[in-house]
Structures are given as structure tokens and as C-alpha cells.
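# here are the coordinates; sequence isn't available:
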Ligand SMILES: Nc1ncnc2c1ncn2[C@@H]1O[C@H](COP(=O)(O)OP(=O)(O)O)[C@@H](O)[C@H]1O
Ligand SMILES: Nc1ccn([C@H]2C[C@H](O)[C@@H](COP(=O)(O)OP(=O)(O)O)O2)c(=O)n1
């Protein structure tokens with residue numbers, strides 16, 4: 001997951017390959033609650049691991065539910081309709097799929113509960129559900145603003161009998177919450193729910209009914225107005241259940257296939273985990289994508305998508321049946337041959353954020369003309385590539401805003417897109433950007449590189465690794481490659497001199513090296529510490545002076561240039577390996593400072609060190625690195641010099657991040 005302040009996505013060119021999608025949030029949280037209410041143990045396979053499911057699991061545990069996780073599945077021991085803990089303070093984050101159904105279930109089961117969430121959750125209405133539950137005799141009090149969480153739930157004085165009326169035109173989650181909870185009161189008589197007003201998001205109700213059937217509750221539905229839970233209904237665990245992948249998440253990859261030409265190796269985008277026969281309403285996004293020109297084929301649990309019409313066809317569509325996935329249509333509209341109208345999407349206003357306003361504001365930043373109505377959005381794409389803008393997309397703590405706007409990186413103007421707070425995707429798809437980058441392709445020249453070159457112990461590694469961490473970029477420690485080569489040569493019995501240049505270069509060419517987090521593996525052995533000694537550094541300096549060795553390592557170094565970007569440190573990153581890098585830093589510090597830093601570093605790691613010797617050695621290494629014939633250590637002509645003798649690490653990092661921001665087209669957001 002990218003937990004950075006922002007993620008800059010370089011201009012993307014093409015996409016192809018297979019993505020395996022995470023489980024559906026809607027199905028996951030429904031199944032968790034139903035499993036908890038049931039008698040018996042339910043083993044849940046492919047459960048989504050995300051913020052919202054963690055919130056639900058945490059709440060169920062607080063209520064006394066036994067939950068055992070193992071590889072690929074979670075076992076829930078059902079409470080059989082009786083809570084073990086009837087007092088709890090439940091913090092439910094921003095998970096509507098936890099707040100609403102838990103409110104209903106706990107209000108019927110009775111106890112002393114407080115349900116709260118993040119600030120945005122306290123702005124999301126729940127009054128219609130509370131009103132419906134109060135008709136039954138449930139005791140629910142508002143602890144803040146009337147009609148919104150946080151709530152206190154007490155013991156009910158249930159008066160079953162009359163039909164329960166609930167509004168259906170604000171959020172279908174109210175009806176879902178009642179449908180999932182009311183079987184608790186249906187032991188002796190039928191329970192009837194009547195929907196007041198036009199029911200929105202019907203497909204989500206279909207998911208609820210489908211899952212209830214899995215758990216032994218056969219709800220009778222009369223049109224979309226009246227639902228009857230038959231007397232004698234009892235939750236019964238199905239034993240094991242598989243969670244379908246999230247059809248709303250599939251929308252980003254369906255759109256990806258529709259707007260991109262395939263890569264040379266792979267024509268289509270293949271999506272695994274969900275097929276056209278999914279029980280999720282958002283799967284009907286397929287129809288909308290086809291209307292816009294996408295070519296889609298499907299089989300059991302998979303979809304394959306490729307570009308058909310290009311540019312895409314503009315559409316005029318009632319999106320009430322696919323409220324979440326419709327956000328992706330708004331981004332596809334940027335690539336259409338005229339204005340697209342997305343209608344009947346008023347529910348966007350009460351989601352994670354006011355999505356109508358948010359989408360309009362962010363689409364405009366990209367250069368689109370957008371008309372925002374009470375319940376519609378009209379998107380006119382930028383008139384030509386020159387009308388596109390490089391935008392920093394504010395994401396409003398809304399996972400879907402972050403995910404759908406990433407696709408704007410395929411703009412024809414070749415502009416990057418900045419996604420602010422990219423970790424908000426954790427709500428439903430923590431590894432979304434990794435999945436996107438695994439399929440997306442762009443020219444290497446478009447993948448940004450920051451080079452940090454300089455003498456030993458100037459702090460290159462520290463600076464480069466920190467920059468990479470802060471930007472979500474890959475990190476190349478090129479010195480490590482020379483250190484590993486020297487180690488491998490030594491282990492092969494080769495003297496590190498010109499006489500063995502060809503043999504050492506041959507070793508370097510097929511270096512069996514793997515970087516795993518902070519660890520370095522050579523041929524199956526952990527060499528992380530072995531390459532960090534001063535002797536290893538000196539040996540690296542020796543092999544690095546051999547021209548054939550340098551040539552042998554070029555391809556390996558270039559292979560680190562991957563989406564979304566790279567920070568590389570060494571001696572010749574800016575001069576030889578990545579001469580087109582957007583930002584080149586030449587980092588220095590006085591020999592005295594450097595010797596002292598290295599001394600402290602070695603001592604802290606438990607390596608013996610003598611300060612004077614270190615200084616002599618590093619000056620010898622500087623001299624060799626700077627005077628060799630090939631790729632000598634020197635600043636690139638366009639490098640920015642940074643002497644950090646008197647700077648802290650944080651000051652150096654901030655200085656370079658400031659330079660980096662100054663080179664981006666997004667302004668200083
Ligand atoms: N600006 C700085 N001020 C003080 N110490 C630093 C600074 N930058 C790095 N260091 C410390 O100096 C030591 C050497 O840094 P390192 O990144 O390994 O250097 P290099 O990669 O250039 O050899 C580390 O212990 C690091 O914490
Ligand atoms: N791009 C590079 C990186 C390192 N080298 C050589 C020269 C250096 O003395 C050794 C070791 O580099 P490394 O960056 O690991 O060394 P320091 O951490 O700066 O002490 O490798 C090189 O020639 N070119």
C-alpha cells in the first residue's frame with residue numbers, strides 16, 4: 001500500500017495482463033455479520049482485508065464472537081442470536097456497511113452500546129433506520145446531532161406485529177440493515193417491511209437477499225415495496241462461504257481495458273475473481289462500459305476487456321443501478337467523443353464524501369467542463385490534448401475518488417496525475433495502485449528518476465532511501481551491486497584486478513541477487529551484513545574501476561526504473577546510468593564529517609572501527625572513485641550540489657523534496 005502524502009502517477013501509455021481482485025466489501029461485511037448471528041461456525045474464504053472489514057471484525061470480537069484467522073480464510077463462531085457481551089463501545093470508522101447493520105442488530109438484541117465513527121461518519125444520515133427501529137420498540141438515542149451517529153443503543157421493549165416502514169430513497173443500507181437484523185424477531189410470526197418512496201440501489205438489496213438465503217433466511221419479496229421474513233426464520237451457518245471479488249473494484253480495470261491499447265505482450269486486461277454472472281449489482285457496469293465501446297468477454301469468475309471504439313462513445317445513462325461504479329464512468333467520459341450525462345446519482349451526496357461535488361471539482365482540474373446538478377453530472381472532455389491539465393487530485397478520504405482518477409494518467413497530453421492521500425484506497429482495495437502498476441506500461445523515459453550521487457558516507461543511501469519512502473518510489477542502491485559483485489568474485493577465488501576483469505564482469509552479468517525489503521540475498525544466502533563492512537566497500541571500489549564490470553551492471557540498474565518512479569544512489573547515476581533524470585543531486589560533506597558519520601554508523605552496528613583509519617580509507621576511496629577512467633565520481637553538469645555537513649537528515653530530505661516539488665507541474669499543493 002502507498003502510505004505516502006501523495007502519489008505521482010507518471011503519464012501511462014498502455015495496459016495488459018491479469019489482475020486478481022480482492023473480495024467485495026459489501027459481501028464481506030454482510031457475511032461477517034450473518035456468520036456472527038448464526039448458529040454454527042462459518043469459514044469465510046477470500047474475505048476482503050481492508051479498513052472496513054477490520055472494523056466489522058473488531059466490533060464482532062468486542063461482542064464476544066470468536067474469530068480465528070488462518071491462511072486464506074477466517075472462521076467465525078456464530079453467537080446463535082445471543083451476544084456474549086451486551087455492553088460495548090464500538091468505533092466503526094467510516095464503514096457504513098458496519099454502522100447501519102450493527103445498529104439494527106444490536107437494537108434488536110438489546111444491551112448497552114455506543115456506536116461511533118470518524119467525523120465523516122457522523123455526517124452520514126441514519127435517521128430513517130433509527131425511526132424504523134423505534135417503531136418496533138427499539139431504544140436508540142442520538143449522542144450528537146439528531147439523525148446522525150454517534151448513537152446509544154439500549155434494551156428494547158419489542159412490540160412486533162405491524163409492518164415496519166422504512167424509507168428507501170436515501171440509502172439502501174437502511175433496508176439491508178433491517179433485512180439482516182429482523183430475522184432475530186421472526187421466531188413466532190412473519191415480519192413485514194414496507195419501503196416508503198422509490199427504493200434506490202436495488203442491486204445491493206439483491207446481494208442482501210442472496211446472502212440471507214445462504215444463511216437460511218428465505219425472504220419473500222413483493223416488487224420492491226414489501227419484504228416478508230417468514231415466521232420461524234433462523235440464521236444457520238452455511239459452513240463455508242466464498243466471497244466474490246468486488247465488482248465495483250472491477251470497474252477500474254474494465255475501464256483500463258477500454259481506454260488503453262494493449263501492451264506488446266498482452267492485448268487484454270483480464271480480471272479474475274468476478275464474472276458477468278456476479279450477484280453484485282455493480283457488475284452491470286459492464287453494460288455501461290460496452291455502451292462506451294469496451295469489448296468484454298466473460299467466463300466463470302473472470303472478465304477480459306479490450307479497447308473497442310476509440311475515442312469512447314459519449315453516453316447518457318441513468319446510473320441509479322450502479323451508483324459506485326458510475327464514478328468510473330465519469331473518468332471514462334474524459335476519453336469520449338462528446339459530453340456524457342450521468343443521471344439519477346443523488347445518492348453520491350451521502351457517500352464517503354459528497355461525491356457529486358468532489359467529482360465535479362476534480363474533473364475540472366483535469367481540464368474537463370463539468371455541470372453538476374442536484375442528481376446528475378455532465379462531463380465534457382478536454383477539447384484537445386492541449387486542454388488537459390496536470391492535476392493534484394484531492395481524494396476526500398474517498399477510496400473510489402482515488403482509484404478512478406488514477407486512470408486519468410492515460411491522458412493524451414502525456415501529463416502526470418497526482419493522487420493525494422493514496423492510502424484512502426485501503427477502505428476496499430489496499431493494493432490498488434500496485435495492481436494498476438503491474439498492468440500499466442509506459443515508456444521508461446516517462447518514469448521519473450531522482451539521482452543521488454556523491455562520495456562515501458555523504459549520506460546518499462540515507463537520503464535516497466528516505467526520498468523513495470516519502471514518494472512511494474523504488475530505490476536502487478547501486479553501490480550494493482558493486483559490493484555484491486566484489487563479494488561474489490572473492491568467493492569465486494578471483495583477485496579483484498584487471499587481470500580478472502572478464503571473469504568478474506561475467507559474474508556481474510548474471511548476478512543471482514534478490515532485494516527483499518532491507519535484505520540482500522546472493523544465491524540464496526543473506527549477505528546484507530557481509531557487504532556492509534568497510535573492506536567490502538573498498539573491494540567494491542576496486543571492481544567498480546573495471547570498465548567491463550560497469551557495462552555488465554547497466555541493464556540490471558536500468559531494470560529498477562519502474563512505475564511509479566525511482567530514486568537511485570551511487571557515483572554515476574546522474575552522469576551515466578540515468579542521464580535523463582529529472583532531478584540530480586550531488587551530495588557532499590567534509591571528509592571529517594563523513595568519517596565521523598561512518599564511525600558512528602559502524603560502531604552502532606557493532607563493527608569495530610578506528611576514526612583515523614576510516615578517514616584515510618575514505619579519502620583513498622574518493623581518490624580512486626574520482627580518478628578512474630570510466631564513469632568517475634563527479635557531479636553531472638545539471639546536478640544540484642548539496643553539502644550536508646551542517647544539515648540534519650530531515651533538513652537534507654526536505655531540501656531535496658522542495659526541489660522535487662518545484663520540478664513538478666502540479667504547483668505547491
Ligand atoms: N545529513 C546528515 N547528517 C548527519 N548524519 C547523516 C546525514 N546523512 C546521513 N547521515 C548518517 O551518516 C551515515 C552514513 O550515511 P549513508 O547514507 O550510509 O552514506 P552513503 O550512502 O553516502 O555512504 C549514516 O549513519 C547516516 O545516518
Ligand atoms: N554507481 C556506483 C556506486 C558505487 N560504486 C562503487 C564506488 C564505491 O566506492 C563502491 C561502494 O559504493 P557504495 O555507494 O555502496 O559506498 P558508500 O555507501 O558510499 O560507502 O562502489 C560505483 O562505482 N558506482
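Received it, and whenever you're ready, just let me know what you need. Being a predicted model, the structure only gives us computed values, none of them experimental. Ligands and ions are numbered 1, 2, ... in the order given.
# next up, the contacts around the residue lying closest to residue 311 once chain neighbours are set aside.
Excluding the flanking residues, the one nearest residue 311 by CB to CB, 6 or more residues apart in numbering is residue 337, at 4.6 Å. For the C-beta atoms, the positions are set from N, CA and C on the backbone; glycine is no exception. Contacts for residue 337 (CB atoms under 8 Å, 6 or more residues apart in numbering) come out as 311-314.
# how close does residue 337 get to residue 171?
35 Å (CB to CB, to the nearest Å).
# what do you get for residue 196?
Distance from residue 196 to residue 171, by CB to CB: 13 Å.
# tell me which of these two has more neighbours.
Between residue 196 and residue 171, counted using other CB atoms under 10 Å, residue 171 has the larger neighbour count: 24 against 13.
# right, and that one touches residue 96 too?
Yes. Between residue 171 and residue 96 there is a contact at 7.4 Å, judged by CB atoms under 8 Å.
# residue 289: which element?
Taking DSSP states H and E as the definition, one finds residue 289 inside helix 285-292.
# so where do the helices sit in the stretch 551-669 of the chain?
Per DSSP state H, counting those that start in this stretch, the stretch 551-669 of the chain has helices spanning 554-558, 591-604, 611-627, 649-663. These are given in chain order.
# which one of the ones you listed lies closest to residue 408?
For the helices of the stretch 551-669 of the chain, the distance to residue 408 is smallest for helix 649-663, at 20.0 Å, taking CB to CB.
# what residues sit buried inside the closest one?
652-653, 655-657, 660 (16 or more other CB atoms under 10 Å).
# any idea how far residue 412 is from the residue nearest to residue 311?
13 Å.
# ok so, going back, adjacent strands (with direction) for the helix or strand just after the helix holding residue 289?
Proceeding C-terminally, helix 285-292 gives way to strand 295-299 as the next helix or strand, assigned by DSSP H and E. If you go by DSSP bridges, strand 295-299 pairs up with strand 302-306 (antiparallel).
# quick check: buried residues in the helix or strand following the strand it pairs with?
The helix or strand immediately downstream of strand 302-306 is strand 316-318, counting by DSSP H and E. Neighbour counts over strand 316-318 (16+ other CB under 10 Å) mark residue 317 as buried.
# and strand 316-318, what does it pack onto?
With contacts taken as 3 or more CB pairs under 8 Å, 6 or more residues apart in numbering; DSSP states H and E, strand 316-318 sits against strand 340-343.
# what mean pLDDT does the strand it packs on have?
Taken as a whole, strand 340-343 has a mean pLDDT of 98.
# for ligand 1, what's its nearest residue on the stretch 451-600 of the chain.
residue 459 (2.5 Å; CB to the nearest ligand atom).
# could you report the pLDDT at that residue?
96.
# ok now do it, which residues does it touch?
587, 589, 597, 644, 649, 652.
# again, but for residue 308
Residues near residue 308 by CB under 8 Å, 6+ apart: 258, 293-295.
# list only those of the residues you listed flagged as buried.
For these, a neighbour count by 16+ other CB under 10 Å gives the buried set as 258, 293-294.
# ligand 1: which of those residues is nearest?
Distances from ligand 1 to these, taken as CB to the nearest ligand atom, are shortest for residue 258 (45.0 Å).
# quick check: the closest one is in a helix.
Yes. Under DSSP: H, G, I helix; E, B strand; the rest coil, residue 258 sits within a helix.
# correct me if wrong: it contacts residue 333.
No. Using CB under 8 Å as the test, residue 258 is too far from residue 333 to be in contact (11.7 Å).
# list residues touching both of these two?
With CB under 8 Å, 6+ apart, residue 258 and residue 333 have common neighbours residue 312.
# now the contacts of residue 459 as CSV including pLDDT and distance to residue 422?
Compiled in CSV, the contacts of residue 459 are given as follows (pLDDT from 0 to 100; distance: CB to CB, whole Å):
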residue, pLDDT, distance to residue 422
587, 97, 28
589, 96, 33
597, 95, 33
644, 97, 29
649, 97, 24
652, 97, 25
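# let me know the closest of these to residue 517.
For the contacts of residue 459, the closest approach to residue 517 (CB to CB) belongs to residue 649, at 20.2 Å.
# next up, the contacts around that closest one.
459, 462-463, 466.
# pLDDT on stretch 578-586, on average?
Mean per-residue pLDDT for stretch 578-586: 98.
# could you give the number of residues near the closest residue in space to residue 387 that isn't next to it in sequence?
Of all residues not flanking residue 387 in the chain, residue 367 sits nearest, at 4.7 Å (CB to CB, 6+ apart). Neighbour count of residue 367, defined by other CB under 10 Å: 22.
# thought residue 367 was touching residue 385?
No. Look at residue 367 against residue 385 with CB under 8 Å: they stay out of range, at 9.6 Å.
# residues touching residue 243, list them.
23-24, 27-28, 31, 44-48.
# do residue 489 as well
496, 500, 503-504, 507, 543.
# just the buried ones from these?
The neighbour-count criterion (16+ other CB under 10 Å) marks 496, 500, 504, 507, 543 among those as buried.
# make CSV out of those residues and add distance to ligand 1, secondary structure and pLDDT.
Formatted as CSV, these follow (distance: CB to the nearest ligand atom, whole Å; DSSP: H, G, I helix; E, B strand; the rest coil; pLDDT from 0 to 100):
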residue, distance to ligand 1, secondary structure, pLDDT
496, 20, coil, 96
500, 26, helix, 97
504, 22, helix, 97
507, 24, helix, 96
543, 17, helix, 96
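# residues in this protein within reach of ligand 1, list them.
For the chain, the residues in contact with ligand 1 (CB under 6 Å from any ligand atom) are 456-462, 597-598, 601, 644, 647-649, 652.
# quick one on the thing from earlier: so of the contacts of residue 243, which ones are in strands?
Assigned to strands by DSSP state E, the following of the contacts of residue 243 qualify: 44-45.
# partners of the least confident helix or strand in the chain by mean pLDDT in the sheet?
Lowest by mean pLDDT, DSSP states H and E among the helices and strands of the chain is strand 513-516, with a mean of 90. Strand 513-516 sits in its sheet next to strand 519-522 (antiparallel), going by DSSP bridges.
# taking the mean pLDDT, what do you get for the strand it pairs with?
Averaging pLDDT along strand 519-522 yields 93.
# now stretch 655-669
On average, stretch 655-669 scores 86.
# work out the gap between that stretch and the centre of the chain.
How far stretch 655-669 lies from its chain's middle: 23 Å, per CA atoms, centre = their mean, to the nearest Å.
# go on, stretch 298-309?
For stretch 298-309, the distance to the chain centre is 23 Å (CA atoms, centre = their mean).
# returning to that earlier point: of the buried residues of helix 649-663, closest to ligand 1?
residue 652 (4.6 Å).
# excluding covalently adjacent residues, which one is nearest to that closest one?
Residue 652's closest residue in space is residue 644 (CB to CB, 6+ apart), at 4.6 Å.
# repeat that for residue 198.
residue 169 (5.3 Å).
# that neighbour: neighbouring residues, count only.
The number of residues packed near residue 169 is 16, by other CB under 10 Å.
# same thing with residue 44?
Neighbours of residue 44 (other CB under 10 Å): 24.
# any idea how far the residue nearest to residue 156 when sequence neighbours are not counted lies from residue 431?
Distances taken as CB to CB, 6+ apart put residue 138 closest to residue 156, at 4.5 Å, once the chain neighbours are dropped. Residue 138 sits 39 Å away from residue 431, taking CB to CB as the criterion.
# can you pull the phi/psi pair for the residue of the chain positioned farthest from its centre?
Largest separation from the mean C-alpha position in the chain: residue 499, at 50.7 Å (CA atoms, centre = their mean). The phi/psi pair for residue 499 (degrees, to the nearest 10) reads phi -60, psi -30.
# nice, that's everything, thank you.
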